[in-house]
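**Q** Okay, sequence plus prediction incoming.
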Amino acid sequence: MRARASGAAVIAAAILLAACGATKVSMRPAARSFTPDDYDDIYGHWTRSEDEFAFGRLEDILHVTATFESWEFRWAYVVRYAADYSLRTEERTRLLRSTLADAQERHRFFVTMIGNRYRESDLTDERSAWRVLLVDEDGRQVRPIEVTRIRRPGAAERVYFPSITVHRQAFRIAFPTQHPDGTPVIAPDDDHVVLRFTGAEGRVDLRWELDSAGSADAPLALD
């Protein structure tokens, strides 16, 4: 039985990576070679926490952690999930093909958060205190096309997303990969992207620095 990093250790590593701000991640849609034990590192690379962007009193108003479910993250997730649940090769291939195809249509984020007022921290409630946006390096903003609250996280979600706690609300948030005019929401040469939580009480920006080298490659054929 292989050793697992504790949830606290994984989320601490993710926060440290965010605070350093030096780790660039790649949006390149190419094949990856991962083992199940690589998942924790990939989770840390693609997870950001508000601790990096705690502006004064915001530290007491909103605590948020988000994992960008990128092409690379999804690949690592499927490898880990398939190993944990002993999926057959064809089952793993089918799952990988499905999630990578979705990655070409949606930018997805797994978000956990807590605010001073529980109801106002529910992003699916019309009375939510927070508006969520995906912002590119030029400041162009996109609103989500899907926000789903996870009321009862399952075992896999609790293990694979250790920012889940009994105090935080969990959400899956999806944005389109293209603007209505057909241009990409995250362009191949963008050097960063921001997931923004903003409202009357303040703003929290979670930022991913992007390695644009080779990111313009054509998507990997899945057939």
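**A** Perfect, thanks for sending it. Numbering: from 1, shown residues only.

**Q** Wasn't Gly182 part of a strand?
**A** No - using DSSP: H, G, I helix; E, B strand; the rest coil, the assignment for Gly182 is coil, not a strand.

**Q** Output the contacting helices and strands for the helix or strand hosting Ile42.
**A** Ile42 belongs to helix 39-45 when assigned by DSSP states H and E. When contacts are defined as 3 or more CB pairs under 8 Å, 6 or more residues apart in numbering; DSSP states H and E, helix 39-45 sits against helix 7-20, helix 71-84. To be clear about C-beta, it is placed using only N, CA and C from the backbone, and glycine gets the same treatment.

**Q** so where's the longest strand in the chain?
**A** In the chain, with assignment by DSSP state E, the single longest strand is strand 106-115.

**Q** Now it: average pLDDT?
**A** Average pLDDT, strand 106-115: 95.

**Q** which strands and helices sit next to it?
**A** strand 62-69, strand 169-176, strand 192-199.

**Q** so which of these comes closest to Asp205?
**A** With CB to CB, the closest approach to Asp205 among those belongs to strand 192-199: 4.9 Å.

**Q** Now tell me what touches the closest one from outside.
**A** 48, 62, 64, 66, 68, 109, 111, 113, 128-137, 141, 186, 203-210 (CB atoms under 8 Å, 6 or more residues apart in numbering).

**Q** Repeat that for stretch 124-133.
**A** 62, 115, 117, 119-123, 141-144, 147-149, 171, 173, 195-201.

**Q** what about 6 Å?
**A** With contact meaning CB atoms under 6 Å, 6 or more residues apart in numbering, stretch 124-133 is reached by 120, 122, 141, 144, 147, 149, 196-199, 201.

**Q** Just the buried residues of these.
**A** For the contacts of stretch 124-133, a burial check counting by 16 or more other CB atoms under 10 Å picks out 120, 122, 144, 147, 196-199, 201.

**Q** tell me which of those is nearest to Val166?
**A** Of those, the one sitting nearest to Val166 (CB to CB) turns out to be Asp122, at 15.7 Å.

**Q** ok, and the closest non-adjacent residue to that closest one?
**A** Ser128 (5.7 Å; CB to CB, 6 or more residues apart in numbering).
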